[in-house]
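A.B. asks: Let's see this in three dimensions:
(one chain, ligands or ions: 3)
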Amino acid sequence: MTYFQQHQSDFLEGLKTFLRIPSISTLSEHKPDIRRAAEFARDELLHAGMTSAELIEGNGNPLVYAEWLAAPGKPTVLFYGHYDVQPADPLDEWKSPPFEPTVRGNDIFARGAVDDKGQVYLQIKAVESLLKTTGKLPVNVKFLLEGEEETGGEHIEEYVKTRPPRLKADAAVVCDTEMFAPELPTICVGLRGMVYAELFVEGASHDLHSGVYGGAAPNPIQAIAEILCALKDREGHLLIPGFYDRVVPPSQKERAAWATLPFDEKEYTEKEMGARALVGEPEIPLFERTWARPTLEVHGIRGGFTGEGAKTVIPARAVAKISTRLVADQRPDEAIQQLRAAVSAACPNGVTAELKVLHTGAPSLTNPDNPFIHAAAAAMKEIFGKETVYIRSGGSIPIVGVFDQYLGIPSVMMGFGLPDDNLHAPNEKFHLPNFYRGIEAVARYLEILGE
Ligand code: BES
Ligand code: MN
Ligand code: MN
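C.D. replies: Ligands and ions are numbered 1, 2, ... in the order given. Below is the predicted model of the structure:
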C-alpha cells in the first residue's frame, strides 16, 4: 500500500483543519486568521519534507515560501496558490456553517474548499506523498502562496516584480481553476484580467424631499443607472470608446476545439446558473463571450433608502461597485483611462461622478504547445482516464500575467474544481474524488517532468 493510500483519511482531516480557519482577506477583523492560515500552510510544507518553509513578511498579508532543490539538472517548478478566502455571506443560505467543514456524500462543504485551500492542500499532499515514499522529488520544487488573492491585493505582484532569485523556475503550477465538466481533465490556458472600481456620484449637498424637489433635483442613483447604460448597451456590447481595439480574437483552432466540448446550454442556464435565459453579445458564441471578450458588471449600489416601508427621498449621494474583465491584449492602465473618459462623458447634468480604482490585474494567455503543459495534460489523462481538454476561463488570477511578464515562465493551470462547486457563493464545496485525484495527478506530473 502506498503512502497516499495509507494517509487518505489524514489528508482529509488536515484539509478540514485548514478550512476551519476563517482566513477572509477582505475583512480586517480576520487578520489573525490570515496569519494562522499562513502558518498552517508553512507547517504543512515542513511536515511534507520541504527543505525550508517560511513566511515572507511585507506590508500586506504574509507570503509563504518553501523549497526543495535537491534534483540537480532537473527542471524547477513553482507552485502557486492562495490561502485566503472570500467572505461567507449570506450565512443563512449555508446548509452547514462555512467554517465547519462538513462531508455530505462525496463532497466537502466549506468556504475555501475548492477556492483555493483544497487545491493548495492537494499540491502540498502530492509533494508529501512523493517525499515520504521515495525520500526525494523527481524535480526541484518551490512554493509561493499568498493571502490577498481574493481582494486583488498587489503585494505578491510587487514582490514578484523585483524578480527575487529564489523564485527562479522553469514553470509555475497553478491549481486554482475548474474542470470543464465532471471527470473531464482540463487545463486552462487563458484568464481574463480586471479593473475593479467604485463609482462615487454626488448630487445635492443633502437628501431632499422627493415631492418638494422631484422634477428639479439631480438624483445620484438615477445618474448611476444612466452612466451604466452608457457603458454597456442592452445586448451586452461595451460602449467604452477604444475598449475592443486590442482584443485578440481566438484562433480558428481554438474556436473549433471549444465547439466540441460536451455542453448542454439548457442545463448550464437553468441548473448551474438557475437563470431563465442567457444574455450578452448575441453574435458571439457563449464560450467566447465568457472567456475571450471584455465585460462590465455592477456588483452593488449603495445609497438612498433601502429600509422597511416607504421613504420619499432624493439621495444626495450614491456609490456603485463595478468591474470590467479584460482579455488579451488589453492593458489595465489603458482600460482605466478609457473607462474614466467614458464615465465623464456619460455623467448627467447636476451630479459629479468620480471613479476610484480598487485593484487591477492583467489578462493572460498561454501557448499550450509547451512541454510543461504537455506533461500536465499527460498526467491528468493518466489519472482521470480521459483525454485532457484545453479551455480558457473568465475568472482572473492576476499573478499568472506577472509570472509571464516578470519571471518569463508559463503557468500550468491544472484545476480540479467543478462547475457546480459554488465558488464565492454559499455552500462552496470540493468534490472529494477530485481532491484525491488532484493529489495523484500533481504527483504523477512531477514524475513525468523528472523523466
Ligand atoms: N480562483 C479564482 C479565479 C478562477 C475561478 C479562475 C474559476 C478560473 C475559474 C480566483 O480566486 C478569483 O476568484 N479571482 C477573482 C479576482 C480577484 C482579483 C478578486 C475573480 O476572478 O473575481
Ligand atoms: Mn482562487
Ligand atoms: Mn476566488
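A.B. asks: now the closest residue to ligand 1 within the chain, nearest residue through space, not along the chain?
C.D. replies: Among all residues of the chain, Gly395 sits closest to ligand 1, at 2.7 Å; criterion: C-beta to the nearest ligand atom. To be clear about C-beta, it is placed using only N, CA and C from the backbone, and glycine gets the same treatment. Excluding the flanking residues, the one nearest Gly395 by C-beta to C-beta, 6 or more residues apart in numbering is Leu191, at 6.3 Å.
A.B. asks: in the helix or strand hosting Leu339, what counts as buried?
C.D. replies: According to DSSP states H and E, Leu339 maps onto helix 332-346. Buried residues in helix 332-346, defined by neighbour count with 16 or more other C-beta atoms under 10 Å: 332, 335-336, 338-340, 342-343, 346.
A.B. asks: about what we covered before: now do the same contact list for the residue of the chain closest to ligand 1.
C.D. replies: By C-beta atoms under 8 Å, 6 or more residues apart in numbering, the contact list for Gly395 reads 177, 191-192.
A.B. asks: Nearest to Asp264 among the residues you listed?
C.D. replies: Closest approach to Asp264 among these (C-beta to C-beta): Thr177, at 21.0 Å.
A.B. asks: on that earlier part again, columns distance to Ala53, secondary structure and pLDDT on top of the contacts of Gly395, output as CSV?
C.D. replies: What follows is the contacts of Gly395, written out as CSV (distance: C-beta to C-beta, whole Å; DSSP: H, G, I helix; E, B strand; the rest coil; pLDDT from 0 to 100):
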residue, distance to Ala53, secondary structure, pLDDT
Thr177, 25, coil, 98
Leu191, 27, strand, 98
Arg192, 32, coil, 98
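A.B. asks: circling back: next one: phi and psi at the residue of the chain closest to ligand 1?
C.D. replies: The phi and psi torsions at Gly395 (degrees, to the nearest 10) take the values phi -70, psi 180.
A.B. asks: how many other residues sit next to Ser96?
C.D. replies: Ser96: 13 surrounding residues under other C-beta atoms under 10 Å.
A.B. asks: isn't it right up against Asp107?
C.D. replies: No: using C-beta atoms under 8 Å, Ser96 is not in contact with Asp107; the gap is 11.0 Å.
A.B. asks: quick one, what contacts Pro426?
C.D. replies: Counting by C-beta under 8 Å, 6+ apart, Pro426 has contacts 88, 90-91, 93-94, 98.
A.B. asks: can you redo those residues as CSV with distance to ligand 1?
C.D. replies: Listed next are the contacts of Pro426 as CSV, based on distance: C-beta to the nearest ligand atom, whole Å:
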residue, distance to ligand 1
Ala88, 14
Pro90, 18
Leu91, 20
Glu93, 19
Trp94, 19
Pro98, 16
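A.B. asks: neighbour-wise, which of these leads?
C.D. replies: Result: Pro98 is most packed of the contacts of Pro426 (other C-beta under 10 Å), 25 neighbours.
A.B. asks: so how far is Gln405 from that one?
C.D. replies: 35 Å (C-beta to C-beta, to the nearest Å).
A.B. asks: before we move on, back to that, going by neighbour count, which of the contacts of Gly395 comes out on top?
C.D. replies: Highest count within these by other C-beta under 10 Å belongs to Leu191, 31 neighbours.
A.B. asks: Quick check: beta-bridge partners of that one?
C.D. replies: Beta bridges link Leu191 to Ser364, judged by DSSP bridges.
A.B. asks: right, and it touches Ser393 too?
C.D. replies: Yes: if you go by C-beta under 8 Å, Leu191 and Ser393 touch, sitting 5.7 Å apart.
A.B. asks: Which neighbours do the two have in common?
C.D. replies: With C-beta under 8 Å, 6+ apart, Leu191 and Ser393 have common neighbours 177, 413.
A.B. asks: picking up where we left off before, which among the contacts of Pro426 gets closest to Glu202?
C.D. replies: Set against Glu202, the nearest of those by C-beta to C-beta is Pro90 (29.9 Å).
A.B. asks: contacting residues around the closest one?
C.D. replies: Pro426.
A.B. asks: Within range of ligand 1, give me the residues from the stretch 301-450 of the chain.
C.D. replies: 361, 393, 395-398, 423 (C-beta under 6 Å from any ligand atom).
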